[in-house]
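K.L.:
Predicted model, plus sequence, below.
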Amino acid sequence: MLVFWKEKLVFLAVPKTGTTALEGALAPRASIVIRDPPELKHSAVYRYRRWLEPFFEKAGRQEMETMAVVRHPVDWLKSWYKYRHRDDLAGHPNSTKGMSFDAFVMDYCRAEQPPHALVGSQAKFLLDREGRLGVDHLFRYEDLPALMAFIETRLGVRPETKRLNVSPALELELSAEVEARFRRRRAQEFEVWEMGTGEGAGAALAGDVADRGPGPE
């Protein structure tokens, strides 16, 4: 998480959305850099609202805007699969070695996910308790120019990113059948990605939001 105090902007770091590289580039420009513990570095909207937002308001008597990056759900899971496919994780319950990407996505769609598929949820990271988008500025990972233009306009600097936390190189394909199941079982993941247009805090997802709450991250 990065806090730009003078600009009244907080960058919430959604895991596996390129935030590590952005943090590395923008950290010297930030007023506050939260790297540890992971629960604060990757503070979801509900956690930010509960713990950090009240602190910032009391400290400076000002409201901070929030921004985040969201990645296409299929590519997001590809990144997690690759990350957990690395050699040093072989034999660990979180490892994805020995399984296909289709099997990994199917496991992610289960009501009770096995350890290797417990990778959290972008939707639950970005939604508030009422099931509404909880950040002021949400950008798609796939639309880097829009993200960079916003950062340059808001902070007066255009970050030069380096590739960090790179996963093993693997060519992955998801079958049409499994992708259709993924879209049915985790529809909110795709709905949140569709909201990544740079604006939109408070926008609600379609359907019932009563059972949405903080999930594993």
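P.N.:
Structure's in. What do you need? The structure presented is a predicted model; accordingly, all values stated were derived computationally and were not measured.
K.L.:
rest of the way, CA atoms for contacts and neighbours
P.N.:
Will do.
K.L.:
My guess is E142 contacts R71. True?
P.N.:
Yes. Assessed by CA atoms under 8 Å, E142 is found in contact with R71 at 6.9 Å.
K.L.:
residues in contact with the helix or strand hosting V178?
P.N.:
In this structure, V178 sits in helix 176-185 according to DSSP states H and E. Helix 176-185 is contacted from outside by 74, 102, 105-106, 109, 190, using CA atoms under 8 Å, 6 or more residues apart in numbering.
K.L.:
From these, which land in strands?
P.N.:
Using DSSP state E, no member of those falls within strands.
K.L.:
buried subset of those?
P.N.:
Neighbour counting over the contacts of helix 176-185 (16 or more other CA atoms under 10 Å) leaves 74, 102, 105-106, 109, 190 as the buried ones.
K.L.:
E65: which of these is nearest?
P.N.:
F190 (23.7 Å; CA to CA).
K.L.:
For the closest one, give its distance to I151.
P.N.:
Distance from F190 to I151, counting by CA to CA, to the nearest Å: 25 Å.
K.L.:
Same question for R71.
P.N.:
R71 is 18 Å from I151, by CA to CA.
K.L.:
which one of those two has more residues nearby?
P.N.:
R71 (26 against 16; other CA atoms under 10 Å).
K.L.:
for that one, what are its contacts?
P.N.:
Applying CA under 8 Å, 6+ apart, the residues contacting R71 are 16-17, 140-142, 193.
K.L.:
Out of the residues you listed, list just those in strands.
P.N.:
R140.
K.L.:
Filter the contacts of R71 down to just the buried residues.
P.N.:
Among these, those scoring as buried are 16-17, 140-141, 193 (criterion: 16+ other CA under 10 Å).
K.L.:
What is the nearest of the residues you listed to Y81?
P.N.:
When those are compared against Y81 (criterion: CA to CA), the nearest one is K16, at 10.7 Å.
K.L.:
From F104, how far out is that closest one?
P.N.:
If you go by CA to CA, the gap between K16 and F104 works out to 16 Å.
K.L.:
Please apply the same query to M67.
P.N.:
For M67, the distance to F104 - CA to CA - is 29 Å.
K.L.:
what do you get for L138?
P.N.:
Note on L138: its distance to F104, by CA to CA, is 27 Å.
K.L.:
Chain neighbours aside, what residue packs nearest to the spatially most central residue of the chain?
P.N.:
For the chain, V14 is the residue whose C-alpha lies nearest the centre (CA atoms, centre = their mean; 2.5 Å). Residue nearest to V14 in three dimensions, not counting chain neighbours: H42, with 6.2 Å by CA to CA, 6 or more residues apart in numbering.
K.L.:
residue contacts, the one you found?
P.N.:
Counting by CA under 8 Å, 6+ apart, H42 has contacts 1, 12-15.
K.L.:
Could you save these as TSV and add columns showing distance to K58, secondary structure and pLDDT?
P.N.:
Shown next, in TSV, are these (distance: CA to CA, whole Å; DSSP: H, G, I helix; E, B strand; the rest coil; pLDDT from 0 to 100):
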residue	distance to K58	secondary structure	pLDDT
M1	19	coil	92
L12	20	coil	96
A13	23	coil	93
V14	25	coil	95
P15	28	coil	93
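K.L.:
Which secondary structure element of this structure has the lowest mean pLDDT?
P.N.:
Taking mean pLDDT, DSSP states H and E as the measure, the chain has helix 38-41 as its least confident helix or strand, at a mean of 80.
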